[in-house]
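Asks: got a structure for you, letters missing:
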């Protein structure tokens, strides 16, 4: 009897334990509908709550496109703005510069201490005669030596022949020295005229652009006039230094002519005095 009561009690407790287990399993399934274990569900829930979505990052504004930089130099742009008349002005500048360099070299070679040279010639005439003075002139470079040499060659014909020979040789030498001055004078006169002509042409084009524009702005007028005045500026920039060089070379040639006249007078006076040896 006691054995059956124990079995009945054990059976009752087993049913109670089984019902309790079924209750626990139902509660767990109610919390995790997909059937995943509670730990995993808790871990997913913790991850979802802690890993909040990051705020959207504001997109950086794209840099504004920069205008293409010009590869040409400022001088080329200035030249192109001047128009077609900049080409003859460029030619004038080249010719003027070449004439200045050529005359500077020529006058530098022609420069001689005239007074010192004439004193040597007269001393040579007194001591060694005319032939020795002629050899001195031949060994000396410069127009003064060439002029004196022309006069000494005519020494046996008298002072008047010497004076005429010196004047003729002096005229030839002066013409040679003045050869490049005409080119510089032409450039100095033509360059501003070409600049003014380019300005007139540019103003005509500027007014045509203003007439064709529907809305006239101060920028359009100012840009057209500034481009038109480039040729005037260029013409004056060429003419001024060329004119200065022309006047400087002309003054040197005038000084040379004065020295030539003084040397011819001293030589003729020495020949007329008769203090010479053949």
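Replies: Here it is on my side, so go on. Being a predicted model, the structure only gives us computed values, none of them experimental.

Asks: Could you list the low-confidence segments of the stretch 1-150 of the chain?
Replies: Across the stretch 1-150 of the chain, the ranges flagged by pLDDT under 70 are 1-73.

Asks: can you map out the helices along it?
Replies: 2-31, 38-50, 74-81, 86-110, 114-128, 130-138, 143-153 (DSSP state H, counting those that start in this stretch).

Asks: Please determine how far the nearest residue to residue 197 once chain neighbours are set aside is located from residue 91.
Replies: What sits nearest to residue 197 in space, not counting adjacent residues and going by Cβ to Cβ, 6 or more residues apart in numbering, is residue 85, at 6.2 Å. The C-beta positions use only the backbone N, C-alpha and C, and glycine is treated the same way. Residue 85 is 11 Å from residue 91, where distance means Cβ to Cβ, to the nearest Å.

Asks: Between the two, point out the one with more neighbours.
Replies: Counted by other Cβ atoms under 10 Å, residue 85 and residue 91 do not tie: residue 85 has more neighbours, with 22 against 13.

Asks: I'd assumed residue 201 was in contact with the more buried one.
Replies: Yes. Residue 85 lies in contact with residue 201 (Cβ atoms under 8 Å); the separation is 6.6 Å.

Asks: who touches stretch 134-145?
Replies: Contact with stretch 134-145 is made by 109-112, 114, 117-118, 120-121, 124, 146, 148-149, 152-153, 173, 176-177, 256, 259-260, 263, as judged by Cβ atoms under 8 Å, 6 or more residues apart in numbering.

Asks: can we see that at 6 Å?
Replies: 110, 112, 114, 124, 148, 149, 152, 173 (Cβ atoms under 6 Å, 6 or more residues apart in numbering).

Asks: moving C-terminal of the helix or strand residue 198 falls within, what's the next helix or strand?
Replies: In the assignment (DSSP states H and E), residue 198 maps to helix 181-212. Following helix 181-212 in sequence order, the next helix or strand is helix 218-228 (DSSP H and E).

Asks: could you check the angle helix 181-212 makes with that following helix?
Replies: Relative orientation of helix 218-228 and helix 181-212, computed by axes from the mean of the first three to the mean of the last three Cα atoms, to 10 degrees: 160 degrees.

Asks: May I see the buried residues of helix 218-228?
Replies: Buried residues in helix 218-228, defined by neighbour count with 16 or more other Cβ atoms under 10 Å: 224, 227, 228.

Asks: Identify, from those residues, the entry nearest to residue 79.
Replies: residue 227 (11.6 Å; Cβ to Cβ).

Asks: Which residues are in contact with the closest one?
Replies: 81, 202.

Asks: From residue 191, how far off is it?
Replies: Using Cβ to Cβ, residue 227 is found at 19 Å from residue 191.

Asks: So which elements touch whichever strand or helix holds residue 256?
Replies: Taking DSSP H and E as the criterion, residue 256 maps to helix 230-273. Helices and strands touching helix 230-273, by 3 or more Cβ pairs under 6 Å, 6 or more residues apart in numbering; DSSP states H and E, are helix 86-110, helix 114-128, helix 159-177, helix 181-212.

Asks: in this protein, which residue is closest to the centre?
Replies: With distances taken as Cα atoms, centre = their mean, the residue of the chain nearest its centroid is residue 75 (5.2 Å).

Asks: how close does that residue sit to residue 100?
Replies: Residue 75 sits 21 Å away from residue 100, going by Cβ to Cβ.

Asks: follow-up on the earlier one: next, find the distance separating the residue nearest to the centre of the chain from residue 87.
Replies: 14 Å.

Asks: Please apply the same query to residue 206.
Replies: For residue 206, the distance to residue 87 - Cβ to Cβ - is 20 Å.

Asks: Please apply the same query to residue 254.
Replies: Distance from residue 254 to residue 87, counting by Cβ to Cβ: 36 Å.

Asks: for residue 119, same thing?
Replies: Taking Cβ to Cβ as the measure, residue 119 falls 54 Å from residue 87.

Asks: Which of residue 206 and residue 87 has more residues huddled nearby?
Replies: Neighbour count, other Cβ under 10 Å: between residue 206 and residue 87, residue 206 has more, with 19 against 12.

Asks: Which residues are in contact with that one?
Replies: Residue 206 is in contact with 224, 228, counting by Cβ under 6 Å, 6+ apart.

Asks: Show the pLDDT at it.
Replies: If you check residue 206, the pLDDT there is 80.
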